[in-house]
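>>> here is my input, please return the structure:
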Amino acid sequence: MFKYLITISPLGFMYGSSGGFLSPENLVGRSGAKFPPEAATLSGLFFSSNKVKSYISPKELSDNLFVAGPFWAKSDDPEYFYVPIPWHKIISKKGVDEWKMKSGKWHRESEDLDPEYSWQTVNSWVNKTAAIKKNGDVADIPWKYVPILHPKTKDDERCTLAEDGLFLENSVQMDDECCLVYLSTHPLADGWYRFGGENHLVEIKSVLLDDDSPIVKLLRQPIQRSFALITPGVWGSNKFSYRYPKNEDFSQKRPEMLTDKPISYRYRAKGQMGRGRYAVPPGTVYLLREPLDKTWWEFPQNWFPKEGFSLKQVGCGLCLPIEIQGVE
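Okay, the predicted model is just below:
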């Protein structure tokens, strides 16, 4: 079980792009931007920092370290962090709506109402959609993209190089009162670290989770017929990415889904870039024909790809049970 929250507070800007470098002839927009960093980035930080000052055996980390995220929180109250809103809950500034099952089909009342919020507090997970909005348990993202143009000058002149003389960094500026949050089975020593692309400085703290923490209670509840992802879901073999596990014990339940288009997912392992994949986005809702009766911790390892380590160890497909109207 996850025992710690790892909070990450940027000391200035952070990196916000997965795209390539830009040349003076190719100054385009914020292509391929991606933020916050995936949980695999934090996993890598555990291993690299442990090499500098060993406090956990490498085998213990390899076998038993699990991390999950990304999430975010108000810095003064990280335990009640924000998670992606399930897709069956539609929360807008104009009102709320909810997808439900009616006569065996997905149905909603207000077809013209589009979701405007995508994050809710974890302690409001089981609340009704209207109550979530009324109680102010939804929020806009607390970061914004800030492009910074870095020149590479000539050695003997204050002029940029004729070729590859400019690099556009799509940095991210977070609200000073907010921080990134990840779940972890192990603590990371408090301190300043270089984290993510471009190695920007951040302050990291490990917060021990109480047994009655909202996320701990939710993760202990077995999933029955419906659940929603709170992290990207990467299922399948090492060659293919699927929308759900193709193993017989899952696929025979024939899931119906509420989801959005796939998102890119890539990570480094042991200094090597992993396979480029597509992931099912957070917030995706699964509705099964038969009860699963498992927590995420009980999901078999063969539901997840494995490249050096199982992607379950970086929190892929972390999900929580939900209730859908019309489903018993």
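
>>> how about the helices in the stretch 151-300 of the chain?
Taking DSSP state H, counting those that start in this stretch to define them, one finds helices in the stretch 151-300 of the chain at 214-219, 248-251.

>>> flag every buried residue along the first one.
This points to helix 214-219. If you call a residue buried by 16 or more other C-beta atoms under 10 Å, then helix 214-219 has these buried ones: 214-216, 218-219. Just so you know, the C-beta spots here come from the backbone N, C-alpha and C atoms, and that holds for glycine as well.

>>> related to what we said a few turns ago, in TSV, list the helices of the stretch 151-300 of the chain along with distance to Asn135 and mean pLDDT.
Putting those into TSV (distance: least, C-beta to C-beta, whole Å; pLDDT from 0 to 100) gives the following:
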stretch	distance to Asn135	mean pLDDT
helix 214-219	14	97
helix 248-251	35	79
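
>>> can I get these in CSV including distance to Met101?
Listed next are the helices of the stretch 151-300 of the chain as CSV, based on distance: least, C-beta to C-beta, whole Å:
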stretch, distance to Met101
helix 214-219, 22
helix 248-251, 20
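
>>> tell me which of those helices approaches Tyr242 most closely.
Nearest of those to Tyr242, taken as C-beta to C-beta: helix 248-251 at 9.1 Å.

>>> list the buried ones in that closest one?
Within helix 248-251, the residues that count as buried by 16+ other C-beta under 10 Å are Phe250.

>>> how far away from the center of its chain is that helix?
Mean C-alpha position of helix 248-251 versus that of the full chain (C-alpha atoms, centre = their mean, to the nearest Å) differs by 25 Å.

>>> for that helix, C-alpha coordinates in PDB please.
Included here for helix 248-251 are C-alpha records, laid out as PDB according to Å, rounded to 0.1, in the frame of the first residue of the first chain:
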ATOM      1  CA  GLU A 248      -9.200 -13.500 -20.000                       C
ATOM      2  CA  ASP A 249     -10.000 -12.800 -16.400                       C
ATOM      3  CA  PHE A 250     -10.700  -9.100 -17.400                       C
ATOM      4  CA  SER A 251     -11.700  -9.100 -21.000                       C
END
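
>>> can you spell out which helices and strands pack onto it?
Using 3 or more C-beta pairs under 8 Å, 6 or more residues apart in numbering; DSSP states H and E, no helix or strand is in contact with helix 248-251.

>>> so what touches that helix?
Residues external to helix 248-251 that are found in contact with it (C-beta atoms under 8 Å, 6 or more residues apart in numbering): 244-245, 292, 300, 303.

>>> next, count neighbours for Pro36.
Neighbour count for Pro36, taken as other C-beta atoms under 10 Å: 21.

>>> what of Val52?
When neighbours are defined as other C-beta under 10 Å, Val52 has 6 of them.

>>> distance check, it against Asp293.
43 Å (C-beta to C-beta, to the nearest Å).

>>> which of the buried residues of helix 214-219 lies closest to Leu318?
Leu219 (8.3 Å).

>>> and Lys51, that one's in a helix?
Yes. Under DSSP: H, G, I helix; E, B strand; the rest coil, Lys51 sits within a helix.

>>> from the contacts of helix 248-251, which single one is nearest Ser118?
Set against Ser118, the nearest of the contacts of helix 248-251 by C-beta to C-beta is Tyr244 (21.6 Å).

>>> ok so, going back, closest to Lys93 out of the helices of the stretch 151-300 of the chain?
Across the helices of the stretch 151-300 of the chain, Lys93 has its closest neighbour in helix 214-219 (25.4 Å, C-beta to C-beta).

>>> so which residues make contact with that closest one?
So helix 214-219 is contacted by 1-2, 79-81, 122-123, 125-126, 183, 209-210, 295-297, 320-321 (C-beta under 8 Å, 6+ apart).

>>> and the residue lying farthest from the centre of the chain, what is it in contact with?
Here the centre of the chain is the reference, and by C-alpha atoms, centre = their mean the most remote residue is Asp156, at 45.3 Å. By C-beta under 8 Å, 6+ apart, no residues touch Asp156.

>>> OK, contacts around the closest residue to Phe195 other than its chain neighbours?
Leaving aside its sequence neighbours, Phe195 sits nearest to Val202 (C-beta to C-beta, 6 or more residues apart in numbering; 4.5 Å). Applying C-beta under 8 Å, 6+ apart, we find Val202 in contact with 8-11, 14, 192-196.
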